[in-house]
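# structure for this input, please:
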Amino acid sequence: MKKILLSLGVCNALVYGATNEELAKELELLKQEIKQIKSEQSATNESILNELSALNYKDVQEYESFSAMGGAASKVYFSQDGLSIGGYGEYKYTKYNDFKNYSSDTANETRNKGEFNIVRFVPYIGYKFNDYIIMNTEIEFEDGGARSDNTKNYKYAIVEFSYLDFLLDPSFNIRVGHILTPMGLTNLNHEPTSFLTADRPVVETLIIPSTWHTNGVLAHGTIDNFEYYAGVVTSPDAGSFTEGTFIQQGRLGARQFTDDFSFVTRLSYDLSSGVNIGGSFLYGTSGIAEETKPGTTTGHTGDADVTITMAEIHASYKKNGFDIQALASYGALGGDYEQLPNTGISNRVNGQYITLGYDIFNLFKLPGEFYLVGEIERLDMDASSKTQYVDNNRFFEYTGGFAYYPDPRVVLKTNYKVRDYGVDAKLADENSFALSLGFIF
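Model prediction:
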């Protein structure tokens, strides 16, 4: 409007015989007005761009957890689009000092060499059909690749979970498909930014065999500050249970031939002060799988009906620079466990751990997070004293180091770990250094 009025003013001056000097003044004033308008418009554009950038930055920085799962795994639940892509990765260097627990000198020499590894690269693919039906899938490439015959240095690629979630109500939803067994802290959220040490806790690797994925149906939801899971999953193969690893080697993949099932439930409570407490329980039956699919053989035979009982309690605290996690677990085998093909298996195991982290950057209000980390684990993989060398299956692990987060989605960890076996163990204590880089997206 100002430009129009000025233009009319110029025309008026011309019509009424304005002098050259008056006309020059009018033109100069017009130039100044145009310059001011351009400056204001530029500032407005820059402000809009900054706001859009801030919104986008917030979108990628702040990952939310859905039903105790990892932030990247939960991405599809908060996506505004149909298709959602996320994932995580872990790169690690490990160096043992005088490892000598293998039966072969050559194997020990190899173990003492530095190991460089792409431990995991895991893409998530999610799709939101509508506001109440969601597909979520995790595909894991472990140890750098995939070869079915496990030759060279490649390991495998698997579908770690793939399910449909029917979101009926915040208090009651149904998840169906290949799912994560809802036990403990790590199994549901095993993304590298969620724990402070280079390795996942051993208690949640051997007793709770993370990552434990199987087929099943789960109800889940939140009621006030409570979050729960309850459902039925297929049981692990008892014929593959081994000394020192409890049920870990019995985990089945996505394709299963079984009539054995387990009931599992998990409950947690958020105290809204940085504290979360909870626990989980599983009971089921398991037999010996003689074939993984028709026409094949596992090499295991027998007719054993084994019961599995597992329980754990956990707590976490994350506030004021502290990141603390603690868990205690128990496992038991009953029924015909003494008839299993791998003899000498203990029918009782238990373990505990606590991880303590403090962000020293929090003291100085510096960007990022830099945690000093300490972890203590205790494992008794033969609480019933059934194995030949009981103390080989009883040990403590002590870990110290740091975890640096330059960005909430990226973490650099380094730590030194000591595994201290029981006094009568035939195994030597183990010492190792690890450096890892993890990320989510």
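# look up how far residue 256 lies from residue 178.
9 Å (CB to CB, to the nearest Å). No exception for glycine: its C-beta is placed from N, CA and C like everyone else's.
# more crowded one of those two?
Just comparing residue 178 and residue 256: by other CB atoms under 10 Å the higher neighbour count belongs to residue 178, 22 against 16.
# correct me, but that one touches residue 162?
Yes. In terms of CB atoms under 8 Å, residue 178 counts as a neighbour of residue 162; the distance is 4.9 Å.
# which residues do those two both contact?
Contact with both residue 178 and residue 162 is made by residues residue 254, according to CB atoms under 8 Å, 6 or more residues apart in numbering.
# what about the helices in this protein?
If DSSP state H is used as the criterion, the helices of the chain fall at 2-15, 20-61, 75-78, 105-111, 361-364.
# tell me which residues of the last one are tucked away?
The reference is to helix 361-364. Within helix 361-364, the residues that count as buried by 16 or more other CB atoms under 10 Å are residue 361.
# what are the contacting residues of it?
320-321, 367-370.
# let's have the residues you listed in a markdown table, adding neighbour count and distance to residue 273.
What follows is these, written out as a markdown table (neighbours: other CB atoms under 10 Å; distance: CB to CB, whole Å):
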| residue | neighbour count | distance to residue 273 |
| --- | --- | --- |
| 320 | 9 | 10 |
| 321 | 14 | 15 |
| 367 | 8 | 25 |
| 368 | 12 | 24 |
| 369 | 19 | 20 |
| 370 | 18 | 24 |
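# which of those residues sits closest to residue 337?
residue 369 (45.0 Å; CB to CB).
# which residue, other than its chain neighbours, is closest to that closest one?
Nearest in space to residue 369, with sequence neighbours left out and distances taken as CB to CB, 6 or more residues apart in numbering, is residue 405 at 4.1 Å.
# so who does the one you found touch?
Residues in contact with residue 405 (CB under 8 Å, 6+ apart) are 193, 368-371, 411.
# if we go to 6 Å?
Applying CB atoms under 6 Å, 6 or more residues apart in numbering, we find residue 405 in contact with 368-369, 411.
# since we're on the closest residue to residue 267 other than its chain neighbours, how many residues are nearby?
Nearest in space to residue 267, with sequence neighbours left out and distances taken as CB to CB, 6+ apart, is residue 228 at 5.0 Å. By other CB under 10 Å, the residues close to residue 228 number 22.
# isn't residue 228 up against residue 269?
No. Assessed by CB atoms under 6 Å, residue 228 is found out of contact with residue 269, at 9.8 Å.
# name the residues contacting each of the two.
Applying CB under 6 Å, 6+ apart, one finds that no residue jointly contacts residue 228 and residue 269.
# from residue 378, how far out is residue 77?
Between residue 77 and residue 378 the distance, using CB to CB, works out to 36 Å.
# and what of residue 73?
Counting by CB to CB, the separation of residue 73 from residue 378 is 29 Å.
# residue 175 too?
Counting by CB to CB, the gap from residue 175 to residue 378 is 33 Å.
# those two: who's more crowded?
Neighbours were tallied for residue 175 and for residue 378 using other CB under 10 Å; the higher tally belongs to residue 175 (23 against 17).
# across the sheet, point out what pairs with the more buried one.
residue 165, residue 218 (DSSP bridges).
# is it true that it touches residue 161?
No. Counting by CB under 6 Å, residue 175 does not reach residue 161; the two are 9.6 Å apart.
# can you give me the domain assignment for the protein?
Under the assignment named as automatic domain parsing, the residue ranges that make up the domains of the chain are 2-46, 62-440.
# what's the most buried one of those?
Mean neighbour counts were taken over the domains of the chain using mean count of other CB atoms under 10 Å, and the top value, a mean of 18, falls to domain 62-440.
# what average pLDDT does that domain get?
In this model, domain 62-440 has an average pLDDT of 94.
# start at 50 instead
I'll keep to 50 as the first residue from here, and by that count the last item is domain 111-489.
# any idea how far it is from the middle of the chain?
On the basis of CA atoms, centre = their mean, to the nearest Å, the separation between the geometric centre of domain 111-489 and that of its chain is 9 Å.
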